[in-house]
Each structure stands twice: as C-alpha cells, then as structure tokens.
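> no FASTA, just this:
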Ligand code: ADP
Ligand code: MG
C-alpha cells in the first residue's frame, strides 16, 4: 500500500508527512515514539503537590481567556475534583474553550499547586481517561500533531509493505523475538510497559543487526578485491618528508607506514585515518598521493567544501613546489574555461593530483590513470558520493580521513569494514585552547575580551545554532547576535554572517574576507565546523553551547589555536552542565568523546557514518552497546552460515539498505 492510501492521509497531510521525512509506510511505522505518557487518573492529595499527574474533574465555569502578549494566552476555569473546588489553567490553548462546557467530565494533566489552589495543565483530555493509558509521543511538526500520527499509524499497522523481515529466522528463534507485525503493534499501541520493552528490543536488534551485517558484508567483499601493486622507492618518500618544515609525529609515522604498505600490496587499500582536529591528517594524504604519483598513477582528494578544497590546493602547491608533481583544482566556482582545461589535463595525464569538492564526481570528470582516492572529512559525504568517486578508476586504493574522534572500541566496530589508523598524538608545540563556560549575564566580560583580541589584530568566530529567531526556544540566532554585537561595539567592527542557506559563491566571498582579515568577527551556524584554517583567529564563542554534542563543540573549538598565540573558547550557556566542564578540562578529542559517551549516552556518535541523516532510528550506541556487540558476532556467524547461502534475497536486501551506511 502507498502512504496516500491510508485513511486520513489526504494530499495536505501527505506533504506534511514528507516534511517529517516520511515517504513510505515503512518510514511511517519506523517513526517510533520517542517516549510514552503513562496516565492513570488519581485522586489528589497533598503527596502529589507539584508532581505531574492526571486527575478527572467536572467543569464548573465557562473558561475565560486572557491574552497576555502576542502568541501567549491563558485559559482558565473552575472545576470540581473529589469534592474539592479548584482552578485549572492552560496556556496557548484558547481553542479548547468551546469544548470545555459546564458539568462536563474531563481529564487534566499537569501539576497541582496547593499554594494557589490551581492545577496548571500541560494537556487536557476532553474524553476523560478512566483506566491506565499509555500514549506514544512522536516527534511532530506544525502540521502533523501527535494525534494525527497516532491515527495514521494505527490504520497502517497491519499493512504488509512494511513487514519486510530483516532478522534471519534462526535469530528470531534464538532470541524468542516477536513477529514484526506484532512488534509494530506493541511499540505504537502498547498495552503495558513490558510490550514496549519487548518491541523496542526487537527494533533495536533489527537495526543493529542490519547495520553490522552490512559492515561484515563489506569487509568480506573488500578483502577479496585485488589491484596492481604500486611501485615506488622509500628513499624518494623520505626525501620528500625531509623537505617538510616539521618532523612527523609518531602517530603520523605509524599511519603512513601502514598506508605505504597498503599501496604496495596487491589488495585494495581501504583505510580510515581517524585523528583529532589539528592532528595533521592532510600531510599524510599528501605523502600518500606522492607515493602514488611515483608509482605512475593519478590521485584525487575530495573535500566537503570549496573553502577547504582551495586551502588544500594552496598547501599542495607549496609542499610540492620543488617536485615534479602537477596539481589541479576542480571546484564548482570556476569559469567554464578553467574547468575545461582541468578536465583536459586530467584525461591526458597532465595532472597528477586533483583536489576539489564533489564537483569531482560529476560524470564528465575522467582520469587518465586513477590509482588513489582520498576523502577528507569523510563523514561529510554520503556512501553514494564516495562510491562514485571510486568508480572513476579501475581499482583505486581508498583512503578516508575523519576528525570525528570516537572511542577506539566503537571505531573498530562501526568501521569494521575498513582498516583504521588512529592519530593519537598531536604535533608538538600546540597550545591548549583556554576554554571557559560563561553565563549570559557574563557576556560583557567576553565582549571586552573579544575587543582586546581584535585590537591586537586577531579575529573571532561566533557560533549560533539557528538562522532565524525562535521565540519558543530562546536561542540566539545569527541575526540577533549580529545586532547585539554591533550595538555593543557601536558598529565600529566589521562583522559578517555565514550560514548554510547562503549560496556557495556568497559563502566563498564571506570566507575570503574573513581570511584576509577584512572581517573581524564571523558569526555563523555550524557550517564553519569543517576543517577551515584561519590561523589569525584566536577566539571562538559558542552560544547555547548545551545544545551541541561535546564532539561538535570540540571540533568547533579546533578552528582556533592554530598559531603560537593564546587562543580561547567561550561556551555561553545558562545551565551549568557537567558535560561542558569536560571541555574546560581537556583538549583531547578522544578523551572528550569517551566522556561524552559516558555522560550523554550516544554522544555525537549518531550520524557518524553518514552525513545529514541520522543513522539509527531507535538504537542508541552507548546504552545498546551490548546489543551492538551481539549483533556483530551474530552477523559474522550468519554470513558464514548455510542459512545465508540459501537465502539469496538477503544480500539483495542489504544492498537496498543504503540508509544504514
Ligand atoms: P587536521 O588533522 O585537522 O586535518 P591539518 O592536517 O590541517 O590537521 O594540520 C594542522 C596544522 O598542523 C597544519 O598547519 C599542518 O601544517 C601542521 N602539522 C601537521 N603535522 C605536523 C607535525 N608533525 N608537526 C608540526 N605541525 C604539523
Ligand atoms: Mg583536515
């Protein structure tokens, strides 16, 4: 069945569901509740003062509505509960007025305060709850309310299109899991708490098993891909390394040695270099590309943004200026003539190393002899983009680089299909970034410091979490921040705004002006997170810091501290959280990711394997670590089993499931 065929899904609802990323019945049914409200109406007594409860009342007066300010109103009425008269209030539900009629019995959900004999509701059920009720709560939008989702999902529960069996029969039996159809019913319409537990275990296991199966599957595939061995002389590599203005760290040396061995081997390289911001991944990729060049092949390095690609291009020109390596750049923002020249040179073998953005994966980009593909900040790219890049060569070696520090054990499981090298130590002479958590009321102090840094010729990054103001969440958006800063600095300091909704050329120009020190303060959303290198910036201010994961904050912070000056990071946030203190204490990305995991569950692990879309819908990598490990060993067993060999459709299923990568 199609989504549009479900009862209650008209064209309008359909497009609203699309906005929630729900396109199929499977999407709908796997849109799991993120929590449940469990209600059992009680009889009020003093014990419940201030606690969130549900009570049944009889309405005694017609509600009155007070309009307090724009978008804010209060509905109030008197009611009777267990012979006690009290007042009930609820905010922003003026539309309920007509339904709350005298003598009607309704259920109030919220908190009672004996001080003013008032029940402050966060919800009112017009059909009173009589028994214990478990109500699933979904992520909703302006046009799709919780009730809509509940109704639509109920009508779709029995549909066969969403019942594809992903867990092999033997494992269903082994763990005594419910049938999938039953699991859907139990998670969306549970009769008791036990059902929720059983059903979520089913879907968590299904998700993690599929994920781990795919990893296992790819590992097996990768192990059998052969290529021509690459031939180069280690002396030549060492001669290049000698020209660098620094000596490599031991981590860099170890990773490099493995990469060079991979290149020389007849098995295809599939290596991930995981290293904190500033750990020096770029130079490793350059040396690998040099070795590949010496073997007579072309290399390509793909970066997620044009700013970053250009930056790599400039450094490559510089590093290779005394060597015979020809370097090309391909980005979206080039003239047609420039592009054509690059494409020509590529095809004729006049370019040895190509650096660029995803412009590189376009069809008309053809190589003469591609031997090595490298993706920088690989978590920023989707699977398809990486696959397309690889398809440009016969069997090119593949190197991935990522600055997402995650604990070792997780990295080895989640990236089990790749060989992983960790860059654990940082280049010498790096200064720690002095990090402080500040309250909004202490902003003046921060502003004074910013002004001082600017007076000393330095620059400042400011990060906000949203583009537009959102009254409800009270987050400081970039626009508001700009106004505030301009006010504070009396318009005397050049400030610019950068965010994801701007067009690429516009972004480039803004970055260019910041790089050239024309702009002193750059206010942005998290778009600057990725590898940007402006050495002159010494302060990073992050508003509503508690909204971000520690790993993200750490990466943002890594934009400063790229020189010998003292650098600072201010985390602005009114709640003091344990989490943010971790950043005050440490500058070590791997340590921070361990802590994040400890304190917040999955931390920033969500979405690590994929750009944009969250990887897991229900599984939580930290709290479900046991299931993950079990899924790992189960998938390894299954792939070698007769059951799998007899089940030809299974690998087909896996291939379809791109979303799990
Ligand atoms: P990331 O790992 O975040 O991509 P980069 O490769 O951009 O880090 O390196 C950050 C800076 O450190 C660059 O300016 C680079 O030249 C420098 N660098 C890299 N390796 C070393 C080293 N072994 N010693 C000193 N500086 C280094
Ligand atoms: Mg980098």
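Received it, and whenever you're ready, just let me know what you need. What you see is a predicted model; the values in this text were computed from it and never measured. Ligands and ions are numbered 1, 2, ... in the order given.
> I'd assumed residue 393 was in contact with residue 227.
No - Residue 227 is not in contact with residue 393 according to CB atoms under 8 Å; the separation is 9.3 Å. All C-beta atoms are positioned from the backbone trio N, CA, C, and that covers glycine.
> For the two, indicate the residue with more neighbours.
Shown here are residue 227 and residue 393; by other CB atoms under 10 Å, residue 393 has more neighbours (20 against 17).
> for the stretch 501-650 of the chain, what spans make up the helices?
All helices of the stretch 501-650 of the chain, identified by DSSP state H, counting those that start in this stretch, fall at 504-515, 550-557, 578-585, 589-600, 625-639, 642-646, 649-656.
> Show me which residues of this structure are close to ligand 1?
Residues of the chain lying close to ligand 1 by CB under 6 Å from any ligand atom are 246, 248-249, 252, 275, 277-283, 403, 427, 531, 533.
> Can you pull out the low-pLDDT segments for the chain?
379-380, 382-383, 405, 466-476, 527-532, 576, 597, 599-615, 648, 651-661 (pLDDT under 70).
> Which helix in this structure has the most residues?
Using DSSP state H, we find that the single longest helix of the chain is helix 193-223.
> Kindly calculate the angle that that helix makes with helix 625-639.
Taking axes from the mean of the first three to the mean of the last three CA atoms, to 10 degrees, helix 193-223 and helix 625-639 form an angle of 50 degrees between their directions.
> follow-up on the earlier one: just the ones of the residues of the chain next to ligand 1 in strands?
Among the residues of the chain next to ligand 1, the members found in strands (DSSP state E) are residue 275.
> Is residue 329 in a helix, a strand, or coil?
strand (DSSP: H, G, I helix; E, B strand; the rest coil).
> check contacts around it.
309-310, 313, 342, 354-356 (CB atoms under 8 Å, 6 or more residues apart in numbering).
> how about 7 Å then?
Counting by CB atoms under 7 Å, 6 or more residues apart in numbering, residue 329 touches 309-310, 313, 355-356.
> Those: which two are farthest apart?
The largest separation in these, counting by CB to CB, is between 310 and 356 at 9.3 Å.
> between those two, who's got more neighbours?
Using other CB under 10 Å as the criterion, residue 310 and residue 356 rank with residue 356 on top: 25 against 21.
> separation between the more buried one and ligand 1?
Distance of residue 356 to ligand 1, given as CB to the nearest ligand atom, to the nearest Å: 17 Å.
> what pairs with that residue across the strands?
residue 302, residue 330 (DSSP bridges).
> My guess is it contacts residue 330. True?
Yes - the criterion here is CB atoms under 7 Å, and residue 356 meets it with residue 330 at 3.7 Å.
> Quick one: residues contacting the residue of the chain positioned farthest from its centre.
Most distant residue from the mean C-alpha position of the chain: residue 83, 52.5 Å away (CA atoms, centre = their mean). Not one residue lies near residue 83 by CB under 7 Å, 6+ apart.
> measure it to residue 47 for me?
To residue 47, residue 83 is 18 Å away according to CB to CB, to the nearest Å.
> those helices in the stretch 351-500 of the chain, which residues are they?
Remark: helices assigned in the stretch 351-500 of the chain by DSSP H, counting those that start in this stretch are 383-390, 408-414, 443-455, 478-488.
> can you list the domains in this protein?
3-156, 163-215+636-660, 234-423, 434-586 (automatic domain parsing).
> List phi and psi for residue 323.
Phi and psi for residue 323, reported as degrees, to the nearest 10, are phi -120, psi 160.
> any idea where the helices of the stretch 151-300 of the chain begin and end?
Applying DSSP H, counting those that start in this stretch to the stretch 151-300 of the chain gives helices spanning 169-174, 180-188, 193-223, 234-242, 250-264, 281-294.
> so what's in contact with residue 310 and residue 356 at the same time?
Shared contacts of residue 310 and residue 356, counting by CB under 7 Å, 6+ apart, come down to 329, 331.
> so the closest residue to ligand 1 within the stretch 51-200 of the chain, which of the three states?
Across the stretch 51-200 of the chain, the shortest distance to ligand 1 (CB to the nearest ligand atom) belongs to residue 139, at 33.7 Å. Reducing the assignment at residue 139 to three states with three-state DSSP gives coil.
> Quick check, it in contact with residue 34.
Yes - in this structure, residue 139 is within contact of residue 34 by CB under 7 Å, at 6.1 Å.
> just the helices of the stretch 151-300 of the chain: most buried one?
helix 281-294 (a mean of 23; mean count of other CB atoms under 10 Å).
> Give me the contact list for it.
Contacts for helix 281-294 (CB under 7 Å, 6+ apart): 230, 232-233, 236-237, 240-241, 244, 252, 255-256, 259-260, 263, 273, 275, 299, 301, 312, 315-316, 319, 325, 352-353, 371-372, 374, 399, 401, 423.
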